[in-house]
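Q: Requesting a structural model of the entry that follows:
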Amino acid sequence: MTTISAQFRNYREPTKDEAIREFFNAPPAGPGDIPPTGKDVLEISAVMSLKGEEQSYSGRLYLMPPFLTFVSLDKRSARFTLPLYTIRRVEKVNSRAGMFELALVLWHQMKINVQLTSLRPTADAFCAQLRDALKAQLPQMKRLRPFVRVSYSEHLIKEDGEEYMDGDEDGKDGQDEIDTDDIKEAKTEFLGGLGLTFKFPGDPKKLREKSKLKLWKEYLRTHGRNVTLVRYPSVQRLIQVGLPNKLRGDLWETLSGSIYLRFANPGVYNQILEQHAGETSTSTEDIEKDLNRSLPEYRAYQSEIGIATLRRVLTAYSWKNREVGYCQAMNILVAAILIYMSEEQAFWLLEVLCNRLLPGYYSPSMHGTLLDQKVFESLVSRCLPIISEHFHEVDVQLSVASLPWFLSLYINSMPMIFAFRIVDCFFAMGPKVLFQVGLAILKINGEKLLEIQDDGGFIHLMRDYFNTLGDSAHPHASDPRMRAITNFQELLVVAFREFSVITDDTIISERKRHRQEIVTGIESFSKRAAVRNLKDPGQFKKEQLGAIYDTLYKAICDVSASGSGANAIAQLETIDAQGRAETRIDLKTYRIFLSNVATWARDETVVSNAFVNRVDRTVAEHELIDRMFLFWDPTHRGALSFQDIVTGLNGVMFNDLMSNIEWFFTVHDRDKDGFLSRDDVLQLSESLLFIFRNEIGDAYLGAVSNFMANAFEYGDALQPATNGNAQLAEGEKPPEPPTNTPYLNLATFRMVVLADELLESFFDTDFSATFKLEMAPGPESPSETPGLMAGLGGLLSGFITDENKKTLNRFADELGKSIGRHQVTYRPAIGKVDRDMALQEPKVREPLVSPQMRNRSMSSGSLTSGTSTSSLPTPSSELNTPGFLPPQLPIFPALPERTPFAIDEVKDDEDDEDDEDDLVVTAGDETLDEVDAFLQENAE
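A: Residues are numbered from 1 along each chain as shown. Predicted structure coming up:
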């Protein structure tokens with residue numbers, strides 16, 4: 001069974017508080033971040049202004065410990081995400097009556113004024129919770145100084161920072177004239193990537209690095225930096241013209257929010273590397289294969305320094321996120337990030353990319369990428385209908401070119417200097433940038449795209465366009481300024497102006513619309529692959545194997561949905577013998593799976609009241625199910641694969657009488673020595689009672705009772721005499737044999753089972769028939785009983801939630817009880833015994849052991865653990881032959897006789913008369929009239 005992403009399958013829309021945190025790139029609150037009396041997210045209307053800036057912005061202020069965030073009403077002009085540990089002081093500003101204003105002094109000596117425009121009680125409550133949250137973050141302030149000291153933005157603001165800023169910026173590209181044999185890692189006071197050692201891509205003069213650094217230096221000095229950055233409208237323009245190479249890594253982790261994860265998890269990256277040093281996995285093997293294929297044109301990855309750096313980051317993340325592990329294209333992305341960021345910075349940025357910004361992109365099923373490809377095709381159909389129709393006519397797949405764009409963030413498609421500018425915008429504005437740029441590429445090349453006839457022509461056209469991004473978009477224009485506009489600049493203008501209608505809400509809405517289609521497609525493919533990869537399908541047909549897969553899939557979904565958030569574990573990911581990822585289920589999931597397959601593994605009750613009839617189903621728990629789980633687990637991993645389940649079902653669903661008896665015997669043979677001990681016999685009897693628990697009447701109960709009596713009677717009779725000469729005192733009972741010694745073998749067990757007609761029928765056909773490869777009716781499903789109330793129940797079930805449905809059912813049950821219309825009936829697992837047969841008295845047991853053998857066993861001692869089983873007076877060797885059905889112990893010539901009991905000596909005449917008198921006293925007149933009428937009819 002291939003790997004299934006429970007996160008994608010059980011996707012739920014984020015709550016309002018979760019959506020707010022995602023918008024501000026804030027990680028979830030930790031255990032000690034929220035005060036005991038506080039809320040997760042508290043919001044209030046406010047007006048924000050920054051000291052040194054004339055413009056103020058109205059918007060919403062959010063307190064979501066450990067962050068204080070703000071966004072303007074248009075969600076574009078101004079915003080900030082401030083960790084509470086960066087706020088040094090909060091002052092109340094004297095303002096005119098009725099106004100409530102706070103002044104926040106930040107770590108970098110910036111001053112932000114926030115005017116709360118809500119009612120005074122609301123403002124007071126907000127300030128009270130802000131005060132408590134600030135106190136909770138006081139211990140974190142001690143760690144802030146060494147944390148921000150290694151940031152390049154701090155180094156840039158220093159007066160002596162010019163020597164680092166100017167460095168070798170006037171040199172060449174850094175891709176040429178460099179000897180990788182003598183390279184040593186650059187030692188700096190700030191964090192940085194491989195570009196500090198191997199130079200950054202592009203020509204610094206053409207990229208105007210000095211001018212960009214100067215502009216950013218002025219902005220960071222007044223608007224904060226790293227953990228205190230305040231984003232004003234000017235920051236959007238600075239990002240779109242491209243970030244400075246040395247400042248790029250610093251801003252990437254600030255804009256994405258990964259800097260907060262790095263601060264909250266100090267030393268975790270190194271701990272993971274140390275903990276798993278020397279260990280290998282399938283992910284590490286795949287990583288080794290792709291290391292030399294990761295941006296090989298960049299000099300860093302032609303040396304051991306760059307390869308080792310990339311290996312450590314990918315390996316550490318594969319151990320941290322085992323569900324994702326490693327996926328192809330992840331090496332390209334991380335290799336690009338490491339040019340501008342340190343290993344630890346890249347590690348936490350990769351965490352943000354895989355979990356929040358690009359969920360499902362880098363997973364075994366690549367469901368996130370497939371979903372966004374569907375969204376992109378939908379947007380092309382809406383925004384560029386002519387191109388979309390032409391692609392359908394000539395059968396050109398848009399994803400053959402667009403899939404690599406999204407998967408590598410255009411890094412593997414464009415020259416790196418242009419791709420990194422798209423990545424700059426991606427971290428600043430979110431995933432919508434990928435769609436806007438993709439639509440702009442198609443629109444700019446629209447005329448040429450209408451001429452292509454196949455996929456090859458599409459790919460060739462896109463490759464030629466990307467190679468000319470640095471060329472002039474208007475080479476023949478008379479205006480020099482027009483000629484200076486490059487194809488890449490034109491691409492950004494078209495993307496952010498003409499496709500500005502593509503917003504975050506648009507992407508969320510489209511993903512929601514297409515998600516189920518992608519889930520169905522992935523699971524359909526997984527199902528076909530799982531069935532095709534089975535080594536031994538047994539006697540099942542293809543349709544039956546598909547039904548088993550569907551039932552198993554449903555069980556995994558049920559466990560994941562019923563768990564507590566992301567901590568619910570319904571599946572265990574392992575690797576099969578061929579190196580493929582496979583899903584294994586634990587015992588909890590197995591119980592749910594078996595309840596959907598075996599009728600006796602669930603409790604079904606038909607509940608009737610005055611309003612609606614329904615079927616409630618619950619998963620049963622018993623040691624028999626646990627024994628079956630272990631019996632189906634031949635590798636002793638504590639988890640079952642799809643192959644294990646198919647093999648296990650094949651071993652029970654197609655059995656005949658003798659095979660079922662042997663299967664039941666083997667499941668309960670705890671030590672697998674070919675014998676059942678007394679404890680095993682007791683446990684086997686309990687298993688039979690568990691299976692028969694909901695059957696009508698006492699027929700099956702009597703059958704199990706007779707089985708136990710026969711098993712122990714015959715088992716005791718077969719025990720050897722260890723102290724044959726020892727005489728028992730009068731009234732003394734022979735000692736009981738030990739409960740953990742060999743007691744019954746398979747041949748004896750067969751004979752005891754076949755002595756009962758009902759048990760013989762059960763093992764012959766009924767037991768295998770209880771396994772049904774069809775979905776069991778779900779709990780609380782309305783019955784198909786016609787009627788107004790049944791129809792009303794069916795109508796309501798389609799509109800109310802599961803929780804409301806349970807509440808309504810409880811209310812209906814209580815109301816039904818109050819008017820005497822409530823009834824609960826258990827559905828039998830077998831249902832073979834009808835009500836008339838169930839009311840019959842169980843048959844009197846006929847003993848299997850002759851009086852001579854019974855007397856011999858009563859006078860003999862108990863079997864000790866050291867006694868050889870060869871001394872047992874066992875039946876003929878023919879009993880050990882499979883399929884042999886012995887009559888009533890033919891090796892003993894004496895006929896079975898009924899054992900005399902003390903109660904036989906009691907005379908029953910007087911008792912019978914008393915019983916008749918009791919009957920007369922207790923029976924009603926109506927009952928007597930019915931009896932008299934019956935006797936008269938028969939007499940005639």
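Q: Tell me the spacing between the closest residue to residue 349 other than its chain neighbours and residue 418.
A: With C-beta to C-beta, 6 or more residues apart in numbering as the criterion, residue 349 has its nearest non-adjacent residue at 4.4 Å, and that residue is residue 258. Just so you know, the C-beta spots here come from the backbone N, C-alpha and C atoms, and that holds for glycine as well. Distance from residue 258 to residue 418, counting by C-beta to C-beta, to the nearest Å: 23 Å.
Q: which of the two has more neighbours?
A: residue 258 (26 against 23; other C-beta atoms under 10 Å).
Q: residues touching the more buried one, list them.
A: 252, 345, 348, 349, 351, 352 (C-beta atoms under 8 Å, 6 or more residues apart in numbering).
Q: Let me know whether the second one touches residue 263 as I believe.
A: No. Under the contact definition of C-beta atoms under 8 Å, residue 345 does not touch residue 263, with a separation of 11.4 Å.
Q: The helix or strand hosting residue 604: which residues count as buried?
A: Counting by DSSP states H and E, the element that carries residue 604 is strand 602-608. Within strand 602-608, the residues scored as buried using 16 or more other C-beta atoms under 10 Å are 602, 603, 604, 605, 607, 608.
Q: For residue 758, state which of the contacts of residue 258 is nearest.
A: Closest approach to residue 758 among the contacts of residue 258 (C-beta to C-beta): residue 351, at 61.4 Å.
Q: Other residues contacting the helix or strand where that closest one lies?
A: Assigned by DSSP H and E, residue 351 belongs to helix 343-352. Contact with helix 343-352 is made by 25, 191, 193, 249, 252-253, 256-259, 261-262, 265, 269-270, 309, 312-313, 316-317, 320-321, 330, 333-334, 337-338, 341, as judged by C-beta under 8 Å, 6+ apart.
Q: Next SSE downstream of that helix?
A: Taking DSSP H and E, what comes next after helix 343-352 is helix 367-383.
Q: Surely residue 441 is in contact with residue 462?
A: Yes. At 7.3 Å, residue 441 counts as touching residue 462 under the criterion of C-beta under 8 Å.
Q: Can you show me the helices along the stretch 451-600 of the chain?
A: 455-467, 480-483, 487-493, 504-532, 542-562, 587-595 (DSSP state H, counting those that start in this stretch).
Q: average pLDDT across the third one?
A: In this case it means helix 487-493. Mean per-residue pLDDT for helix 487-493: 95.
Q: From the chain's centroid, how far away is it?
A: The chain centre lies 42 Å from the centre of helix 487-493; the measure is C-alpha atoms, centre = their mean, to the nearest Å.
Q: from memory residue 236 sits against residue 428, does it?
A: Yes. Between residue 236 and residue 428 there is a contact under C-beta under 8 Å: 7.2 Å.
Q: ok, those two, which is more surrounded?
A: residue 428 (20 against 15).
Q: Now do the strand or helix carrying that one: which elements does it pack against?
A: Element membership of residue 428 [criterion: DSSP H and E] is helix 416-429. Helices and strands touching helix 416-429, by 3 or more C-beta pairs under 8 Å, 6 or more residues apart in numbering; DSSP states H and E, are helix 233-240, helix 245-256, helix 330-337, helix 432-444, helix 487-493.
Q: With just CA atoms, put it into PDB.
A: Provided in PDB are the C-alpha atoms of helix 416-429 (Å, rounded to 0.1, in the frame of the first residue of the first chain):
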ATOM      1  CA  MET A 416      19.400  32.400 -11.200                       C
ATOM      2  CA  ILE A 417      19.600  36.200 -11.000                       C
ATOM      3  CA  PHE A 418      16.100  36.500 -12.300                       C
ATOM      4  CA  ALA A 419      14.600  33.600 -10.400                       C
ATOM      5  CA  PHE A 420      15.900  35.000  -7.100                       C
ATOM      6  CA  ARG A 421      14.000  38.200  -7.700                       C
ATOM      7  CA  ILE A 422      10.800  36.100  -8.100                       C
ATOM      8  CA  VAL A 423      11.700  34.300  -4.900                       C
ATOM      9  CA  ASP A 424      12.100  37.700  -3.200                       C
ATOM     10  CA  CYS A 425       8.500  38.600  -4.200                       C
ATOM     11  CA  PHE A 426       7.300  35.200  -3.200                       C
ATOM     12  CA  PHE A 427       8.500  35.500   0.400                       C
ATOM     13  CA  ALA A 428       7.100  39.000   0.600                       C
ATOM     14  CA  MET A 429       3.700  38.500  -1.000                       C
END
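Q: what's near enough to touch residue 626?
A: With the criterion set at C-beta under 8 Å, 6+ apart, residue 626 makes contact with residue 587.
Q: what's the model's confidence in the helix or strand it falls within, averaged?
A: Element membership for residue 626 (DSSP H and E) is helix 623-631. Mean pLDDT, computed over helix 623-631, is 93.
Q: what's the answer for stretch 148-155, then?
A: 92.
Q: ok now it, how far from the chain's centre?
A: 39 Å.
Q: ok, now stretch 277-287?
A: With C-alpha atoms, centre = their mean as the basis, stretch 277-287 stands 23 Å off its chain's centre.
Q: May I see the buried residues of that stretch?
A: Neighbour-count burial for stretch 277-287 [16+ other C-beta under 10 Å]: 281, 283, 284, 286, 287.
Q: Any chance of TSV for these, columns distance to residue 213, pLDDT and secondary structure?
A: Converted to TSV, the buried residues of stretch 277-287 look like this (distance: C-beta to C-beta, whole Å; pLDDT from 0 to 100; DSSP: H, G, I helix; E, B strand; the rest coil):
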residue	distance to residue 213	pLDDT	secondary structure
281	42	90	coil
283	39	90	helix
284	39	92	helix
286	39	92	helix
287	35	94	helix
